[in-house]
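K.L.:
Fold the following, please.
(one chain, ligands or ions: 1)
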Amino acid sequence: MTNLQSIQEQLQLAPSVSMSDSRALYGSTESLALLNIESPMCNAVIAVQGAQLLEFAPKDATPWLWLSPKAVFQEGHPVRGGIPVCAPWFGVNHQDATKPKHGFVRTQDWQLINITESPSGVMKLVFQFLSAKEDFSLFPHKFSLELTLLLSDHIDISFSVKNSSPIEMPFSWALHSYFCVDDLNRVRVTGLENNTYLDATNALTPITQSGAVCFKTEVDRVYESVDTEQVIKGSPSLSIKGTNCPTAIVWNPGSELAEKMADITVNHYDEYICVERGAAFGNTWRVPPGQSATAELTILKSH
Ligand SMILES: O=P(O)(O)OC[C@H]1O[C@@H](O)[C@H](O)[C@@H](O)[C@@H]1O
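P.N.:
Residues are numbered from 1 along each chain as shown. All right, here's what the predicted structure looks like:
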(Lines give C-alpha, C1' and ligand atoms only; values in the text may rest on other atoms or scores of the structure.)
Protein backbone atom coordinates (compact mmCIF):
# COMPACT_ATOMS: atom_id res chain seq x y z
CA MET A 1 0.00 0.00 0.00
CA THR A 2 1.37 3.45 -0.81
CA ASN A 3 1.69 6.18 1.79
CA LEU A 4 -1.28 8.05 0.29
CA GLN A 5 -3.47 4.91 0.17
CA SER A 6 -2.67 4.27 3.83
CA ILE A 7 -3.61 7.87 4.72
CA GLN A 8 -6.82 7.59 2.73
CA GLU A 9 -7.77 4.44 4.63
CA GLN A 10 -7.13 6.05 8.02
CA LEU A 11 -9.26 9.08 7.14
CA GLN A 12 -12.35 6.88 7.50
CA LEU A 13 -11.86 7.38 11.27
CA ALA A 14 -11.89 11.17 10.94
CA PRO A 15 -14.96 12.51 9.10
CA SER A 16 -13.75 16.12 9.34
CA VAL A 17 -10.59 15.41 7.28
CA SER A 18 -10.40 14.97 3.53
CA MET A 19 -7.52 14.37 1.13
CA SER A 20 -6.76 17.20 -1.23
CA ASP A 21 -3.77 18.62 -3.04
CA SER A 22 -2.06 21.91 -3.69
CA ARG A 23 -3.42 22.13 -7.22
CA ALA A 24 -6.99 22.02 -5.97
CA LEU A 25 -6.45 24.27 -2.92
CA TYR A 26 -3.85 26.75 -4.15
CA GLY A 27 -3.83 26.40 -7.94
CA SER A 28 -0.19 25.24 -8.05
CA THR A 29 1.31 23.71 -11.18
CA GLU A 30 2.74 20.67 -9.43
CA SER A 31 0.73 18.75 -6.89
CA LEU A 32 1.57 18.11 -3.22
CA ALA A 33 -0.73 15.92 -1.12
CA LEU A 34 -2.63 17.86 1.55
CA LEU A 35 -5.03 17.00 4.37
CA ASN A 36 -7.89 19.44 4.59
CA ILE A 37 -9.57 19.73 8.00
CA GLU A 38 -12.94 21.33 8.57
CA SER A 39 -13.87 20.35 12.11
CA PRO A 40 -16.41 21.88 14.51
CA MET A 41 -13.45 23.58 16.26
CA CYS A 42 -11.08 24.70 13.52
CA ASN A 43 -10.06 24.77 9.90
CA ALA A 44 -6.58 23.55 9.01
CA VAL A 45 -4.47 22.28 6.13
CA ILE A 46 -1.50 19.91 6.55
CA ALA A 47 1.01 18.92 3.85
CA VAL A 48 2.14 15.27 3.90
CA GLN A 49 5.56 16.56 2.83
CA GLY A 50 7.25 17.64 6.05
CA ALA A 51 4.08 16.89 8.11
CA GLN A 52 3.78 20.65 7.77
CA LEU A 53 0.78 22.40 9.26
CA LEU A 54 0.16 25.04 6.58
CA GLU A 55 -2.98 26.73 7.78
CA PHE A 56 -4.84 26.96 11.08
CA ALA A 57 -7.81 29.04 12.19
CA PRO A 58 -10.12 28.38 15.13
CA LYS A 59 -13.76 28.30 13.99
CA ASP A 60 -14.98 31.79 13.08
CA ALA A 61 -11.56 33.35 13.74
CA THR A 62 -8.99 34.86 11.40
CA PRO A 63 -6.01 32.64 10.38
CA TRP A 64 -3.19 32.32 12.91
CA LEU A 65 -0.56 30.94 10.55
CA TRP A 66 0.79 32.69 7.49
CA LEU A 67 1.12 30.78 4.24
CA SER A 68 2.84 32.81 1.56
CA PRO A 69 0.67 33.64 -1.47
CA LYS A 70 3.93 32.97 -3.36
CA ALA A 71 4.60 29.57 -1.75
CA VAL A 72 5.99 26.94 -4.11
CA PHE A 73 4.35 23.51 -3.95
CA GLN A 74 6.87 21.17 -5.42
CA GLU A 75 8.21 17.81 -4.27
CA GLY A 76 11.51 18.28 -2.40
CA HIS A 77 11.09 22.08 -2.17
CA PRO A 78 10.38 23.83 1.17
CA VAL A 79 6.91 25.40 1.42
CA ARG A 80 7.01 28.97 2.74
CA GLY A 81 4.61 29.26 5.65
CA GLY A 82 2.73 27.40 8.36
CA ILE A 83 4.93 25.36 10.71
CA PRO A 84 7.82 23.63 8.90
CA VAL A 85 9.79 21.14 11.00
CA CYS A 86 13.51 21.89 10.71
CA ALA A 87 15.74 18.90 11.65
CA PRO A 88 18.16 17.17 12.16
CA TRP A 89 19.90 20.53 12.13
CA PHE A 90 18.65 24.06 12.37
CA GLY A 91 19.79 26.71 9.87
CA VAL A 92 23.04 26.38 7.99
CA ASN A 93 24.85 23.08 8.67
CA HIS A 94 27.87 24.06 10.79
CA GLN A 95 30.07 21.22 9.45
CA ASP A 96 29.16 21.61 5.79
CA ALA A 97 27.34 24.69 4.54
CA THR A 98 26.55 22.99 1.21
CA LYS A 99 24.05 20.69 2.96
CA PRO A 100 20.40 21.78 2.79
CA LYS A 101 19.53 24.61 5.14
CA HIS A 102 17.27 23.57 8.05
CA GLY A 103 17.91 19.85 7.44
CA PHE A 104 15.97 17.53 5.19
CA VAL A 105 12.79 16.41 6.94
CA ARG A 106 10.77 19.44 5.80
CA THR A 107 11.15 18.36 2.17
CA GLN A 108 10.33 14.65 2.50
CA ASP A 109 7.03 12.85 2.97
CA TRP A 110 6.11 11.67 6.45
CA GLN A 111 3.79 8.76 7.31
CA LEU A 112 0.50 9.36 9.07
CA ILE A 113 0.49 6.63 11.73
CA ASN A 114 -2.63 7.58 13.67
CA ILE A 115 -5.58 9.91 13.38
CA THR A 116 -8.49 10.36 15.74
CA GLU A 117 -11.36 12.79 16.02
CA SER A 118 -13.15 13.32 19.34
CA PRO A 119 -16.95 13.81 19.44
CA SER A 120 -16.38 17.54 20.06
CA GLY A 121 -14.08 17.77 17.04
CA VAL A 122 -10.58 17.69 18.53
CA MET A 123 -8.31 16.28 15.82
CA LYS A 124 -5.24 14.29 16.71
CA LEU A 125 -2.80 13.38 13.96
CA VAL A 126 0.43 11.48 14.57
CA PHE A 127 3.10 11.61 11.86
CA GLN A 128 6.32 9.65 11.71
CA PHE A 129 9.58 10.14 9.84
CA LEU A 130 12.15 7.33 9.58
CA SER A 131 15.57 8.30 8.29
CA ALA A 132 16.63 6.26 5.26
CA LYS A 133 19.95 4.95 3.96
CA GLU A 134 20.00 7.78 1.40
CA ASP A 135 19.98 10.34 4.24
CA PHE A 136 23.18 8.91 5.71
CA SER A 137 25.46 11.00 3.50
CA LEU A 138 23.80 14.11 4.96
CA PHE A 139 23.54 12.95 8.58
CA PRO A 140 25.42 9.89 9.85
CA HIS A 141 22.85 8.70 12.41
CA LYS A 142 19.80 6.50 12.05
CA PHE A 143 16.88 8.26 13.73
CA SER A 144 13.10 8.50 13.80
CA LEU A 145 10.81 11.43 14.52
CA GLU A 146 7.25 11.63 15.72
CA LEU A 147 5.12 14.74 15.41
CA THR A 148 1.70 14.85 17.06
CA LEU A 149 -0.64 17.67 16.10
CA LEU A 150 -3.61 18.21 18.39
CA LEU A 151 -5.90 20.72 16.72
CA SER A 152 -8.83 22.17 18.66
CA ASP A 153 -9.53 25.86 19.33
CA HIS A 154 -5.76 26.06 19.66
CA ILE A 155 -2.66 24.09 18.63
CA ASP A 156 -0.75 21.55 20.73
CA ILE A 157 2.32 19.93 19.22
CA SER A 158 4.47 17.14 20.58
CA PHE A 159 7.79 16.45 18.84
CA SER A 160 10.10 13.57 19.66
CA VAL A 161 13.25 12.03 18.25
CA LYS A 162 14.76 8.60 18.81
CA ASN A 163 18.44 7.98 18.19
CA SER A 164 18.72 4.47 16.72
CA SER A 165 22.45 4.79 16.06
CA PRO A 166 25.14 3.30 18.33
CA ILE A 167 26.69 6.70 19.17
CA GLU A 168 25.53 9.97 20.69
CA MET A 169 23.59 12.08 18.21
CA PRO A 170 23.83 15.88 18.08
CA PHE A 171 20.37 17.04 17.06
CA SER A 172 19.24 20.61 16.51
CA TRP A 173 15.73 21.47 15.37
CA ALA A 174 12.96 24.05 15.31
CA LEU A 175 9.23 24.32 14.77
CA HIS A 176 9.61 27.21 12.38
CA SER A 177 6.21 28.89 12.87
CA TYR A 178 5.07 31.69 10.56
CA PHE A 179 2.41 33.85 12.25
CA CYS A 180 0.07 36.30 10.50
CA VAL A 181 0.45 39.89 11.59
CA ASP A 182 -1.89 42.73 10.66
CA ASP A 183 0.67 45.52 11.17
CA LEU A 184 4.40 44.70 11.16
CA ASN A 185 5.24 48.19 12.43
CA ARG A 186 3.16 47.73 15.56
CA VAL A 187 3.49 44.04 16.38
CA ARG A 188 5.68 43.17 19.40
CA VAL A 189 7.06 39.93 20.82
CA THR A 190 7.37 39.83 24.60
CA GLY A 191 8.98 37.21 26.84
CA LEU A 192 12.55 37.70 25.56
CA GLU A 193 13.45 40.89 27.45
CA ASN A 194 17.02 40.92 28.81
CA ASN A 195 17.90 37.66 27.01
CA THR A 196 21.11 37.67 25.00
CA TYR A 197 20.56 36.92 21.32
CA LEU A 198 22.92 35.98 18.52
CA ASP A 199 22.31 38.48 15.75
CA ALA A 200 22.24 36.56 12.48
CA THR A 201 22.14 39.84 10.55
CA ASN A 202 25.58 40.64 12.02
CA ALA A 203 27.74 37.49 12.11
CA LEU A 204 25.96 36.13 15.21
CA THR A 205 27.19 38.96 17.44
CA PRO A 206 25.72 38.55 20.96
CA ILE A 207 23.44 41.44 21.95
CA THR A 208 21.12 41.96 24.94
CA GLN A 209 17.44 42.28 24.07
CA SER A 210 16.10 45.51 25.45
CA GLY A 211 12.29 45.59 25.81
CA ALA A 212 9.96 43.74 23.46
CA VAL A 213 11.10 42.70 19.98
CA CYS A 214 9.88 45.03 17.25
CA PHE A 215 10.33 44.83 13.48
CA LYS A 216 11.61 48.09 12.03
CA THR A 217 14.08 46.36 9.71
CA GLU A 218 15.42 42.83 9.07
CA VAL A 219 15.28 40.77 12.28
CA ASP A 220 17.06 37.40 12.50
CA ARG A 221 17.86 36.48 16.10
CA VAL A 222 18.64 33.32 18.01
CA TYR A 223 17.80 33.45 21.73
CA GLU A 224 19.21 30.57 23.76
CA SER A 225 17.79 29.18 27.03
CA VAL A 226 14.60 31.24 26.91
CA ASP A 227 11.62 31.38 29.29
CA THR A 228 8.70 29.04 28.64
CA GLU A 229 6.43 31.65 27.05
CA GLN A 230 6.60 34.34 24.40
CA VAL A 231 3.60 36.44 23.42
CA ILE A 232 2.92 38.02 20.07
CA LYS A 233 1.10 41.27 20.84
CA GLY A 234 -0.85 41.99 17.72
CA SER A 235 -4.10 40.99 16.14
CA PRO A 236 -4.63 38.26 17.14
CA SER A 237 -2.36 38.16 20.20
CA LEU A 238 -0.97 34.67 20.59
CA SER A 239 0.89 32.90 23.36
CA ILE A 240 3.63 30.43 22.42
CA LYS A 241 4.59 28.07 25.24
CA GLY A 242 7.29 25.48 24.94
CA THR A 243 8.52 22.64 27.14
CA ASN A 244 12.02 21.40 26.37
CA CYS A 245 12.24 23.97 23.54
CA PRO A 246 15.06 26.08 25.00
CA THR A 247 15.80 28.15 21.86
CA ALA A 248 13.63 30.85 20.29
CA ILE A 249 14.36 32.23 16.83
CA VAL A 250 12.65 35.42 15.71
CA TRP A 251 12.77 36.27 12.02
CA ASN A 252 11.40 38.69 9.48
CA PRO A 253 13.52 39.51 6.40
CA GLY A 254 12.51 43.16 6.04
CA SER A 255 11.78 44.64 2.62
CA GLU A 256 15.29 44.58 1.11
CA LEU A 257 15.97 40.89 1.67
CA ALA A 258 12.36 39.94 0.87
CA GLU A 259 12.79 41.45 -2.57
CA LYS A 260 15.35 38.73 -3.29
CA MET A 261 13.15 35.92 -1.95
CA ALA A 262 10.86 34.76 -4.74
CA ASP A 263 8.40 33.02 -2.39
CA ILE A 264 8.00 36.13 -0.18
CA THR A 265 8.73 39.32 -2.23
CA VAL A 266 8.47 42.92 -1.14
CA ASN A 267 4.68 42.67 -1.45
CA HIS A 268 4.24 40.10 1.32
CA TYR A 269 7.11 40.30 3.86
CA ASP A 270 5.06 42.51 6.17
CA GLU A 271 2.27 39.94 6.54
CA TYR A 272 4.10 37.68 9.00
CA ILE A 273 6.73 37.16 11.66
CA CYS A 274 8.40 33.90 12.60
CA VAL A 275 8.63 33.04 16.28
CA GLU A 276 10.24 29.62 16.26
CA ARG A 277 10.94 27.32 19.19
CA GLY A 278 13.33 24.40 19.27
CA ALA A 279 16.81 23.41 20.44
CA ALA A 280 19.69 24.88 18.45
CA PHE A 281 23.14 26.46 18.77
CA GLY A 282 24.26 26.11 22.45
CA ASN A 283 21.01 24.29 23.26
CA THR A 284 21.48 21.51 20.68
CA TRP A 285 20.25 18.17 22.01
CA ARG A 286 22.78 15.37 22.49
CA VAL A 287 20.69 12.22 22.34
CA PRO A 288 22.41 9.10 23.76
CA PRO A 289 22.31 5.91 21.65
CA GLY A 290 18.95 4.14 21.83
CA GLN A 291 17.36 7.06 23.70
CA SER A 292 14.55 9.50 22.87
CA ALA A 293 13.93 13.16 23.62
CA THR A 294 10.60 14.98 23.52
CA ALA A 295 9.39 18.58 23.41
CA GLU A 296 5.95 20.18 23.55
CA LEU A 297 4.63 23.41 22.07
CA THR A 298 1.29 25.10 22.65
CA ILE A 299 -0.02 28.03 20.66
CA LEU A 300 -3.14 29.68 22.01
CA LYS A 301 -4.96 32.97 22.07
CA SER A 302 -3.55 35.45 24.57
CA HIS A 303 -5.93 37.86 26.26
O1 LIG B 1 14.60 30.28 3.53
P2 LIG B 1 14.62 29.25 4.61
O3 LIG B 1 15.65 28.19 4.40
O4 LIG B 1 13.26 28.65 4.86
O5 LIG B 1 15.03 30.00 5.95
C6 LIG B 1 14.29 31.09 6.37
C7 LIG B 1 14.89 31.74 7.63
O8 LIG B 1 14.75 30.85 8.71
C9 LIG B 1 15.12 31.42 9.96
O10 LIG B 1 14.92 30.49 10.95
C11 LIG B 1 16.58 31.79 9.92
O12 LIG B 1 16.95 32.36 11.16
C13 LIG B 1 16.82 32.75 8.78
O14 LIG B 1 18.20 33.05 8.68
C15 LIG B 1 16.34 32.14 7.46
O16 LIG B 1 16.51 33.06 6.41
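
K.L.:
what pairs with the residue nearest in space to the middle of the chain across the strands?
P.N.:
For the chain, the residue sitting closest to the mean C-alpha position, by Cα atoms, centre = their mean, is residue 83 at 2.7 Å. Beta-bridge partners for residue 83, by DSSP bridges, are residue 53.

K.L.:
Tell me who's in contact with it.
P.N.:
Applying Cβ atoms under 8 Å, 6 or more residues apart in numbering, we find residue 83 in contact with 52, 53, 65, 157, 175, 176, 177, 178. Quick note: C-beta positions are derived from backbone N, CA and C, even for glycine.

K.L.:
isn't the last one right up against residue 71?
P.N.:
The reference is to residue 178. No. Between residue 178 and residue 71 there is no contact under Cβ atoms under 8 Å: 10.1 Å.

K.L.:
The closest residue to residue 122 other than its chain neighbours: what's it in contact with?
P.N.:
Nearest non-adjacent residue to residue 122, counting by Cβ to Cβ, 6 or more residues apart in numbering: residue 152, 4.5 Å away. Contact analysis of residue 152 by Cβ under 8 Å, 6+ apart lists 41, 42, 120, 121, 122, 123.

K.L.:
Quick check, pLDDT for the residue nearest to the centre of the chain.
P.N.:
Residue 83 carries a pLDDT value of 99.

K.L.:
go on, residue 294?
P.N.:
pLDDT for residue 294: 98.

K.L.:
who does it bridge with?
P.N.:
Applying DSSP bridges, one finds that residue 294 bridges with residue 160.

K.L.:
residues near it, how many?
P.N.:
13 (other Cβ atoms under 10 Å).

K.L.:
try residue 134
P.N.:
9.

K.L.:
what distance separates the lengthiest helix in the chain from the centre of its chain?
P.N.:
The residue-count maximum for a helix in the chain (DSSP state H) belongs to helix 3-10. In terms of Cα atoms, centre = their mean, to the nearest Å, the centre of helix 3-10 is set 23 Å apart from its chain centre.

K.L.:
ok and the helix or strand following it relative to helix 3-10, angle-wise?
P.N.:
Beyond helix 3-10 on the C-terminal side, the first helix or strand identified by DSSP states H and E is strand 17-21. With axes from the mean of the first three to the mean of the last three Cα atoms, to 10 degrees defining the directions, strand 17-21 sits at 160 degrees from helix 3-10.
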